[in-house]
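1. I need the structure of the sequence given here:
(one chain, ligands or ions: 1)
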Amino acid sequence: MPVNGLPPYNSQNIFARILRGEIPARKIYEDEFAFAFHDINPQAPTHVLVIPKGAYCSFADFSATATEAEITGFIRAVGKIARDLGLEAPGYRLLANTGEHSGQEVAHFHIHLFAGRPLGRMIPG
Ligand code: AMP
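-> Below you'll find the model as predicted:
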C-alpha cells in the first residue's frame, strides 16, 4: 500500500533478503519485532542497523501503518540494543533516512545507531 507518495514495498530489497536469510548479516540482536546487524560500511566505530520484521518502506510507512505492538516492540528493541551495547553512558545517535531528500538507499525502514566516538555536528555544513 503506497504511503505519502512512496512506491509499494519491494520484497526483493536487500534488508528483506537479510530477514529471509538469503544474504548474510553480522547479526547482533533479534526478537519478534526487530532484527539488528552491523552496517556493511560503518560510519562510526559502532554502526548498527535496526529494522522491523514487518514490510515497511520507510519511517513514513512504519509510523502510519504499523500496529501499536510493532511500533512499541521495535522502539523498545532499539533502546535495549543500545543499552546492551553499553552505549547509554557515552551516548549514541539514532538516524532514520526517509525518502529522496534524506538519501535513503534501502527501502525497508531502518534506524542507524551510531556510537563509539564524539559524533560531531548532526548535519554537515
Ligand atoms: P540508508 O542510506 O539510510 O538507506 O542506509 C542504508 C545502509 O545500509 C547504508 O549505511 C549501507 O552501508 C547499509 N547496507 C547496505 N547493504 C548492506 C548489507 N548487505 N549489510 C549491511 N549493511 C548494508
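2. what's the average pLDDT for the helix or strand containing Val50?
-> Element membership of Val50 [criterion: DSSP states H and E] is strand 46-52. Summarised as a single mean, pLDDT over strand 46-52 is 99.
3. distance between stretch 51-67 and the chain's centre?
-> Chain-centre distance of stretch 51-67: 10 Å, with C-alpha atoms, centre = their mean, to the nearest Å.
4. So that stretch, near the ligand or not?
-> No: Stretch 51-67 does not reach the ligand (C-beta under 6 Å from any ligand atom); its nearest approach is 9.1 Å. Bear in mind the C-beta positions are built from the backbone N, C-alpha and C, glycine included.
5. Tell me the first helix or strand C-terminal of the longest helix along the chain.
-> Taking DSSP state H as the criterion, the chain has its longest helix at helix 68-84. Sequence order places strand 93-95 as the next helix or strand after helix 68-84, per DSSP H and E.
6. packing partners for the next helix or strand after that following strand?
-> The helix or strand immediately downstream of strand 93-95 is strand 111-115, counting by DSSP H and E. Contacts defined by 3 or more C-beta pairs under 8 Å, 6 or more residues apart in numbering; DSSP states H and E place strand 111-115 against strand 46-52, helix 68-84, strand 93-95.
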